[in-house]
Structures are given as structure tokens and as C-alpha cells.
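A.B. asks: Pasting the sequence and the predicted coordinates here, then a few questions.
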Amino acid sequence: MHHLEIKNLSSSYGSKKVLKGVTLSVDKGEVLSLIGPSGSGKSTLLRTLIGLTPPIAGQVFIAGQPIDYNNKKNLKSLRNHMAIVFQQYNLFQNMNVMRNVTISPIKIKKQSSEEAGKQAKLLLEKVGMADKYDAYPEDLSGGQQQRVAIARALATKPEILLLDEITSALDPEWVNEVLDTIRVLTNEGITMIIVSHEMAFVREVSTRVAMMDDGQIIENGAPQQIFDSPIENRTKEFVSKILTH
Amino acid sequence: MFERLLEEAPEFFNYHNMIFILEAMGRTLSMTVIGCSVGLVCGLLIAVLRQSNSRTLIPIKFIAITYVEIFRRIPFLVILFIVLFVIEPLMPGTSLLGIATVAVCLLSTAFLSEIIRAGLESVPPQQIEGAKTLNFSFLQTIMLVMLPQAWKVILPPAAAFIVMFIKDTALASQLGVIELTFVGKMLVNRGFSPMLGFGAVLICYFILSYPLSRFSEYLGKRLASS
């Protein structure tokens, strides 16, 4: 059984159809990267998966269980297993680093604040933010905020982690520290779906790469295959454009 | 004229007049404080209600929006008379002060709900998406994420509105509520110089509103920098 199975998923943004029947399956522990030109629907796919953009057709299964995105309970249990890290970090501006990471375990998962705090410290250490517990998001650099956001997502103990262009909003000097953080995580058995424009990184950490264009997945395979010997013309074009500059 | 003031002053500033003025000041203050406190609570409820996407709440939401849109467009004086003519037959013997206070509640609820709504809507949508994906409920999102960020947008205009309302309660004198303006008129009718009668009233309004407007300025500055 696949960990995550997507069948014919479609969704629209306003009146514009952005996902046009995406079919994809991801196995447990896999690190799948989505590549493709902007506007091809990569971010929308992640947003649809976690229920921020409602699907208009198709099905999603997690560990064989179908998800009904119109059902609040279903959506809640989905988000108990899945977390997302956003391009703009989306850290709560009114909370310090520690509170950002512990709020969901305490308020939603009903952990004791002691337990949540202990776990948060471990996570913040892991992402290299151990000295900033009391800082507020606005006092941190983009890279630091994004690392806290990763810790916040991990604090919910997700089985599936979605990373939505997490380095795209960063100044170049902060990109590597965030990618390093993800590198560490790829060895921990969390199923990940990554949308990224950092092709070298994608090639290095992914177990599989899927090429999206015009709301569909047109090709997927091992990173070497996609980057070195793509089958589809559009993939060839995209890859050659990216690798030549 | 100055001589007349000096001449009247000892009689004007007698114990009974001072108590009379202080009591009126208390009425003006209590109309504003009670009215705006109720307005803040009800306004908050309406603003939160308007954020909700729940289908079952749509009828209540519709009523709330209609209420806000209508009451923001009626002059306070008209609301005062409407409340008077609705409450009088239903509950005879209700004090005029009570009626005026109800009118203040109605109007301030409408205005403050809009101020609070604007505050809630100033919170970036990314904050709300973050909360959603972490499984926050609607109320948790409002209480833990939106309101703590919206206060700095809400408080300065809300305080300005309340200061303004201290002055607007003067219209309740038209109803016969013995508040500051009414007392000013009475004192002048008793033969005191208008300079003295309304001068005293002016100073009382200033004493009531100045600290609050300074406080709102202070809040505005402090919240803007934090």
C-alpha cells in the first residue's frame, strides 16, 4: 500500500483550473520532489493536499484511507498526519520562537507544557535555533524564521511533510542553512513532498522527482533519470533551461 | 463681563451646584463607559461572527450585518428617540438615563464592530493558513492568533471613537437626561452667566476626554512600535 495516493486530483483557483487530474503515489519514507515551470500547479498540489485549496474532483488516500476534504473531522485527522512549511514561513507574529513551536502540541494535541517544551527544545536544537527561544519572528532573519517554521511543523510529529518553496523567499545567504536542515530530516523516514527550485538540492536528496506542467504530472522517476535522460520533451526543455544557467 | 463672572462666582461654586455638576458628569461618564463597554463586547461578537464561514450561522450573520449597516447610518439623536418610543410603552418607568444608555450601546456596537472587523482583517491571511494547517479551530485561530495581532490596529481608533462619544452623549440632553449639557442649560436658565454655566461644562468635558485621548495616543505610539 502506498503511503499517499493521489488519483485524478483537480482544483481551481477562482475560475482558473490549476490542477487538471494529478495522479501520483508516494511510498512511506520517500522524498519526492516536484519540479516544473512556475504556474504549473506544484504549490497548488501541496495546498490541495493539506486542504487549503478545496479539490473539485479526484481522490486522495492516506495509508489506503480516502480523505473527504469537505468533512471537518476527516480534515482534522489528515492534518494530524500531515504538516506543511510555507514559502513565507507563516510563523505566528505574536508568539516567540518557543511558543510558536509548542502551541500546537499544547493546544491541539493536549500535551503538557513541560513535555511540549522539552520536545521543542530538542527540535530547535536540531534546526540550529537553540539560542533563540525567546526571540520573536520579526527579530529573526528569513533563514532563522524558516528553520523555526520547520521545527514547528515537526512538533506535530507529521508522517508526511510538505515543503512549499521554502527557500524561495530567502536571501541567497540563508538558503544553505535551511537546505542543510532538510538534509538532516531526509534520513529520518518522514515522507516528504518538496517543491523547490534548488535543482542541485532536489537531485541530491530526492528519491524520486516528478515533473509538473500545466496542472499535470507529465513524468516521474529517479532524479538521475529525470535530470539526465528525461523522456518527455517538456521535461527536456525545462531541465536544459535550468541546468544551462 | 469679567466683573459679572466674579460677582456670580461665589454663588455659582456653592456646594449644591458642584454636586449637581459632578452628578451630571457621572451620568455622562456612565453612559459612555457602560455603552462603549457593551459595544466592545457585542461588537467583538459581531466581528467574530462575520469571520466565520459556518453555514448554520448565515441567518444570524445576515441580521448582524443589516444591523451594523443600518445603525451606522442613523444619527444618534434619532436612535435616542427610537429607543425612547420603543421602550416607553414596553417598560413604562424606565429612567431616561437607562434609555439613553441603551441607545449608546446600540450605536457603539455598530461602530466598534466595524473597527474590530477592520482589525481582524488586517491580520495577513498567511497567519490564518498557518493556524488552519496546525488544526486550530475557528475560535482558537481568533483568540490565539488573530486578536493578539489585531489589537494594535483596533485600540487606537476604538479609543478615539469612545472619546468622541463622550461628547456625543450631549445629545441625550434633548431627551431630558440630566447630563452635563443639560445641567449647563439649567444653570444658565437659573440666571447664571452663560460664560460661567457652559464654561464649567466645557471644563468637565475636557477633564473626561483629555486623559482618554492622551491614553489612546500613547497606545497608538506604543503599539505601533512593538
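C.D. replies: Arrived safely, thanks for sending. These numbers come from a predicted model, not from an experiment.

A.B. asks: So which residues make contact with the host helix or strand of residue B:11?
C.D. replies: Residue B:11 belongs to helix B:2-12 when assigned by DSSP states H and E. Under the criterion Cβ atoms under 8 Å, 6 or more residues apart in numbering or on different chains, residues B:187, B:192, B:193, B:195, B:196, B:197, B:200 lie in contact with helix B:2-12. Just so you know, the C-beta spots here come from the backbone N, C-alpha and C atoms, and that holds for glycine as well.

A.B. asks: Show me how to select, in PyMOL, the buried members of those residues.
C.D. replies: A single PyMOL command selects the buried members of these (16 or more other Cβ atoms under 10 Å in any protein chain shown):
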select buried, chain B and resi 187+192+193+196+197+200
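
A.B. asks: neighbours around the closest residue to chain B within chain A, how many?
C.D. replies: Ranked by Cβ to the nearest Cβ, the top residue of chain A for proximity to chain B is residue A:90, at 3.6 Å. Residue A:90: 24 surrounding residues under other Cβ atoms under 10 Å in any protein chain shown.

A.B. asks: Now do the same contact list for residue B:220.
C.D. replies: B:155, B:156.

A.B. asks: Just give the nearest non-adjacent residue to residue B:160, would you?
C.D. replies: Distances taken as Cβ to Cβ, 6 or more residues apart in numbering or on different chains put residue B:216 closest to residue B:160, at 5.7 Å, once the chain neighbours are dropped.

A.B. asks: just the strands in chain B please.
C.D. replies: In chain B, no strands are defined using DSSP state E.

A.B. asks: Quick one: name the residues of it near chain A.
C.D. replies: B:126-127, B:129-136, B:140, B:144-145, B:148-149 (Cβ under 8 Å from any Cβ of the partner chain).

A.B. asks: roughly how far apart are the residue of chain A closest to chain B and residue B:130?
C.D. replies: Here residue A:90 is placed at a distance of 4 Å from residue B:130 (Cβ to Cβ, to the nearest Å).

A.B. asks: so what's the closest residue to chain A within chain B up against?
C.D. replies: Residue of chain B nearest chain A, by Cβ to the nearest Cβ: residue B:130 (3.6 Å). Neighbouring residues of residue B:130 by Cβ under 8 Å, 6+ apart: A:86, A:90, A:91, A:92, B:145.

A.B. asks: re the thing from before, okay if I get the contacts of helix B:2-12 as TSV plus pLDDT?
C.D. replies: Formatted as TSV, the contacts of helix B:2-12 follow (pLDDT from 0 to 100):
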residue	pLDDT
B:187	93
B:192	91
B:193	91
B:195	90
B:196	90
B:197	91
B:200	93
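
A.B. asks: Can you list the low-confidence ranges for the chain?
C.D. replies: Picking chain A for this. Within chain A, the segments meeting pLDDT under 70 span A:244-245.

A.B. asks: look at chain B instead
C.D. replies: Scanning chain B for pLDDT under 70 picks out B:224-226.

A.B. asks: which parts of chain A sit against chain B?
C.D. replies: Neighbours of chain B within chain A, by Cβ under 8 Å from any Cβ: A:50-52, A:76, A:79-80, A:83-84, A:86, A:88, A:90-94, A:103-104, A:107-108, A:152, A:156.

A.B. asks: Write a ChimeraX command that selects only the buried members of those residues.
C.D. replies: Of these, the buried ones go into a single ChimeraX selection, burial set by 16+ other Cβ under 10 Å:
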select /A:50,51,52,79,80,83,84,86,88,90,91,92,93,94,103,104,107,108,152,156
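
A.B. asks: The residues of chain A next to chain B in helices, which ones?
C.D. replies: Using DSSP state H to define helices, the subset of those located there is A:76, A:79, A:80, A:103, A:152.

A.B. asks: quick one, helices of chain A?
C.D. replies: A:42-49, A:72-81, A:97-103, A:113-126, A:142-154, A:172-185, A:199-205, A:223-228, A:233-243.

A.B. asks: I'd like those helices as CSV, with distance to residue B:31 appended.
C.D. replies: Formatted as CSV, the helices of chain A follow (distance: least, Cβ to Cβ, whole Å):
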stretch, distance to residue B:31
helix A:42-49, 50
helix A:72-81, 44
helix A:97-103, 40
helix A:113-126, 44
helix A:142-154, 47
helix A:172-185, 56
helix A:199-205, 65
helix A:223-228, 72
helix A:233-243, 69
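
A.B. asks: So for residue A:211, which of those sits nearest?
C.D. replies: Among the helices of chain A, helix A:233-243 comes nearest to residue A:211, with 4.5 Å by Cβ to Cβ.

A.B. asks: buried residues in that closest one?
C.D. replies: Within helix A:233-243, the residues scored as buried using 16+ other Cβ under 10 Å are A:234, A:235, A:238, A:239.

A.B. asks: counting contacts, what elements does that helix pack onto?
C.D. replies: Packing partners of helix A:233-243 (3 or more Cβ pairs under 8 Å, 6 or more residues apart in numbering or on different chains; DSSP states H and E): strand A:208-213, strand A:216-221, helix A:223-228.

A.B. asks: now the biggest helix by length in chain B and helix B:2-12, what's the angle there?
C.D. replies: The single longest helix within chain B, with elements called by DSSP H, is helix B:15-51. Angle of helix B:15-51 versus helix B:2-12, following axes from the mean of the first three to the mean of the last three Cα atoms, to 10 degrees, is 90 degrees.

A.B. asks: buried stuff in helix B:15-51?
C.D. replies: B:17, B:21, B:24-25, B:27-32, B:34-36, B:38-40, B:42-44, B:46-51.

A.B. asks: same deal with stretch B:204-213?
C.D. replies: B:204, B:205, B:208, B:209.

A.B. asks: JSON lines for the residues you listed, including distance to residue A:165?
C.D. replies: Putting the buried residues of stretch B:204-213 into JSON lines (distance: Cβ to Cβ, whole Å) gives the following:
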{"residue": "B:204", "distance to residue A:165": "61"}
{"residue": "B:205", "distance to residue A:165": "57"}
{"residue": "B:208", "distance to residue A:165": "54"}
{"residue": "B:209", "distance to residue A:165": "51"}
